[in-house]
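Participant: Here is my input; please provide its structure:
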Amino acid sequence: DSRASLGTGTMTDAAFSEKFGVHKKRVKHPNYPECETDLWWIVKYTSEWDQEKAEELMNGGEDEGVMAPYVRVWDLRKPGVNSGALSIDHTWTPVNLRGMGLGEEVVRAVETFAKLHVRGDFHVEATCSYAQKVLSKVAK
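Facilitator: Numbering: from 1, shown residues only. Reported below is the predicted structural model:
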């Protein structure tokens with residue numbers, strides 16, 4: 001049963017996929033340069049979202065013009081160990097969607113995504129200050 005807890009509720013993979021898009025790229029591991037790891041972009045779907053922009057972002061494009069809230073998440077676990085951090089290093093919410101809780105929702109979605117799709121042990125952390133604030137709120 002692929003369910004993940006998000007606060008008090010549970011979310012199935014299908015329910016998650018209706019709300020969020022996940023784009024993955026294999027990249028050089030920042031702490032173990034001889035290895036590769038996963039870098040994910042988890043996006044809150046909006047009517048403005050398009051696949052083209054996702055491709056652009058994943059290839060180093062700018063946030064401006066991205067019309068959906070998203071987070072970028074690194075799998076920082078030591079290769080072969082399968083335990084450690086999934087780290088949010090960047091968040092973005094377009095100006096016209098700020099103040100509606102969407103950025104917070106997409107930060108919270110990282111743990112749900114991980115419970116559904118990431119094997120092994122992990123904890124979600126953040127180096128970006130916005131995501132740190134959201135995660136510390138969730139922890140209380």
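Participant: you'd agree residue 48 is in a strand?
Facilitator: No - Residue 48 is assigned coil when assessed by DSSP: H, G, I helix; E, B strand; the rest coil, not a strand.
Participant: For the closest residue to residue 58 other than its chain neighbours, give me its contacts.
Facilitator: In space, residue 58 comes closest to residue 25 once its chain neighbours are excluded; the distance is 5.2 Å by CB to CB, 6 or more residues apart in numbering. C-beta here means a position set from N, CA and C on the backbone, and glycine is covered the same way. Residues near residue 25 by CB atoms under 8 Å, 6 or more residues apart in numbering: 38, 39, 40, 58.
Participant: Closest one to residue 80 out of those residues, please.
Facilitator: residue 38 (14.2 Å; CB to CB).
Participant: C-terminal to the helix or strand harbouring the closest one, what's the next element?
Facilitator: Per DSSP states H and E, residue 38 falls inside strand 36-44. Later in the chain than strand 36-44, the nearest helix or strand by DSSP H and E is helix 51-58.
Participant: Buried residues in that following helix, which are they?
Facilitator: Within helix 51-58, the residues that count as buried by 16 or more other CB atoms under 10 Å are 53, 54, 57, 58.
Participant: any idea which of the contacts of residue 25 is closest to residue 30?
Facilitator: Compare each of the contacts of residue 25 with residue 30 using CB to CB and the shortest gap goes to residue 39, at 9.5 Å.
Participant: and for the strand holding residue 38, what are the contacting residues?
Facilitator: 19-30, 49, 54, 57-58, 68-77, 79, 102, 105-106, 109-110, 113.
Participant: Secondary structure class of residue 99, three-state.
Facilitator: coil.
Participant: Could you measure from it over to residue 84?
Facilitator: Distance of residue 99 to residue 84, computed by CB to CB, to the nearest Å: 34 Å.
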